[in-house]
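>>> This is a predicted model, with the sequence first.
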Amino acid sequence: MNSRYIAAIDQGTTSTRCIIFDSDAEIVSVDQREHRQLYPKPGWVEHDAAEIWHNTEAVVRGALDHAGLSRADLAAVGITNQRETTLLWDATTGEPLHNAIVWQDTRTDRLIAKLGQGDVDRFREKSGLPLATYFSAPKIRWLLDTVPGLRERAERGEVRFGTMDTWLITKLTGRHATDVTNASRTMLMNLSTLDWDAELLEAFGVPRAILPEILPSSYVYGEAGGFLSGVPVAGALGDQQAALFGQTCFATGEAKCTYGTGSFLLLHTGDRPVLSERGLVTTVAYQIGDAAPAYALEGSIAVTGALVQWLRDNLGLISTAAEINDLAATVEDNGGCYIVPAFSGLFAPHWRSDARGVIAGLTGYVTKGHLARATLEATAWQVKEVVDAMAAESGVELTALKVDGGMTASDLLMQFQADVLDVPVVRPTIAETTCLGAAYAAGLAVGYWPDLETLRAKWRADRRWEPAMDARERDRGYRFWRKAVDRTMGWTEDLSA
């Protein structure tokens, strides 16, 4: 093959970046740009899609320039993205018709209460998902019901919907398409047929005409135009599925946890969807070309890294996110303080939209060091809740946890995670597994890499943390954590009133 590199675009919640990989899956160059977080009202979170597209162009150019490469050096480009974030745009002009509504946004809480009719699992059998503000379908419904004239235009076929992968695929290739992993997060796709479901569309009041074509994750969607003219756009995966793919979790029973703005634990469950009874989400893990899809159970935690950002931006206790580790290391424990960051309600395994964040156990003894430590520990305790639910659901006890994402740079957090799970925590040499998964999907589609076994052989461990906490100490800490979680619930008013 003449082209020597694969580019991956990672359109994330707080930034967009491009990483270029070589055939050994080593990082050649990186470029990244943050975008604005827009908060029009309490609980509302939006992004400017035009700004994100501008940043996408900039980071791809930047990554190529840093490496001294041109588009002719790229065999393909893959895309990974923040999932569930919802955008509608004009079918003719391509102009966004409203800011993108971000996955964290809670404006649809009353709609969820109305649709659920007291049953959050009303659509779980078909979609694999509980009714929650998290997913795309209620966001689409809100836009169609709220923006004047939008529903009428949508029914005339003048409007297009997409999650952020679809936005980028459309801007790059002109093809209105999504992949199965992102489609599985809309609450409109039937997990068994991998197609938009008529009953779900009717329940949410979404016209089929606005929806993209559903295609495999590793697949040539088309050739890019413009600044990437001629480069195949050949892979798309929601960010957490991309991380699972990048961690080479290709076999049933393998699991990974990604620590980012939120944290997400995925367990590969094979070629059939496993419906959850313990607050987990059933999702498509990936699909390679015409092969059968792989499925996963997922535990979605809304706020982990975002809690560190809150400590930095809202409270001013630290000036950079990395300082959280030094501040937390000034104390030996949390001083009896627990922080439960239910800023947008609680996700897995609770799914309580009426919950709001608490700081529990405050005494005059607690310092900002204890708050910093409680902030890091909150991530580990939330992951433990999901791991326990997953073990009960699957019947498989975790023997080790593969980890990735920005927060894995914290030795303190990773050691505490191993301690509370009582299993080793293992970080790969390339922690940027989200981008790597998108690159792998694109590379497979164009023959840059021949098969999954070739990719599996490239995985290497960088660091391993062994559990060292006494069982009584772990149990006591978990008991207090659960008490703090209980105090978050029922905070908001009755949403159906």
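Perfect, I can see it now. Residues are numbered from 1 along each chain as shown.

>>> CA only for contacts and neighbour counts going forward, please
Will do.

>>> those strands in the stretch 1-150 of the chain, which residues are they?
5-11, 15-21, 27-34, 46-47, 74-81, 87-90, 100-101 (DSSP state E, counting those that start in this stretch).

>>> and the second one, C-alpha only, in PDB?
So the one you mean is strand 15-21. Output of strand 15-21 as PDB, limited to C-alpha atoms (Å, rounded to 0.1, in the frame of the first residue of the first chain):
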ATOM      1  CA  SER A  15     -12.700  19.200  22.400                       C
ATOM      2  CA  THR A  16     -11.900  17.900  18.900                       C
ATOM      3  CA  ARG A  17      -8.600  16.300  18.100                       C
ATOM      4  CA  CYS A  18      -6.900  14.400  15.300                       C
ATOM      5  CA  ILE A  19      -4.300  11.600  15.900                       C
ATOM      6  CA  ILE A  20      -2.300  10.100  13.100                       C
ATOM      7  CA  PHE A  21      -1.100   6.500  13.500                       C
END
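
>>> Please name the strands paired to that strand in the sheet, noting orientation.
Applying DSSP bridges, strand 15-21 is found paired with strand 5-11 (antiparallel), strand 27-34 (antiparallel).

>>> So for R175, which of the ones you listed sits nearest?
R175 lies closest to strand 5-11 among the strands paired with strand 15-21, at 17.2 Å (Cα to Cα).

>>> Give me the contacts around the closest one.
The contact list for strand 5-11 (Cα atoms under 8 Å, 6 or more residues apart in numbering) reads 16-23, 52, 56, 60, 73-82, 164-165, 239, 434-436, 438-439, 442-443.

>>> can you rerun that using 6 Å?
Outside of strand 5-11, the residues within contact range by Cα atoms under 6 Å, 6 or more residues apart in numbering are 16-22, 74-81, 435, 438-439.

>>> what distance separates the helix ranked longest in the chain from the middle of the whole chain?
The helix spanning the most residues in the chain, taking DSSP state H as the definition, is helix 368-394. The chain centre lies 17 Å from the centre of helix 368-394; the measure is Cα atoms, centre = their mean, to the nearest Å.

>>> Equivalent analysis for stretch 322-329, please.
Between the centre of stretch 322-329 and the centre of its chain there are 25 Å (Cα atoms, centre = their mean).

>>> Now it - C-alpha only, CSV.
C-alpha atoms of stretch 322-329 as CSV (Å, rounded to 0.1, in the frame of the first residue of the first chain):
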residue,chain,number,x,y,z
ALA,A,322,-3.4,17.8,36.7
GLU,A,323,-3.1,19.7,40.1
ILE,A,324,-5.9,17.5,41.5
ASN,A,325,-3.3,14.7,42.2
ASP,A,326,-0.9,16.9,44.1
LEU,A,327,-3.6,18.5,46.2
ALA,A,328,-5.2,15.1,46.9
ALA,A,329,-1.7,13.7,47.9
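
>>> Return the set of buried residues in that stretch.
For stretch 322-329, the neighbour count (16 or more other Cα atoms under 10 Å) marks 324-325, 327-328 as buried.

>>> buried ones in the worst-scoring helix or strand of the chain on mean pLDDT?
In the chain, the helix or strand scored least confidently by mean pLDDT, DSSP states H and E is helix 109-116, which has a mean of 87. By neighbour count on 16+ other Cα under 10 Å, the buried set for helix 109-116 is 109, 111-113, 115-116.
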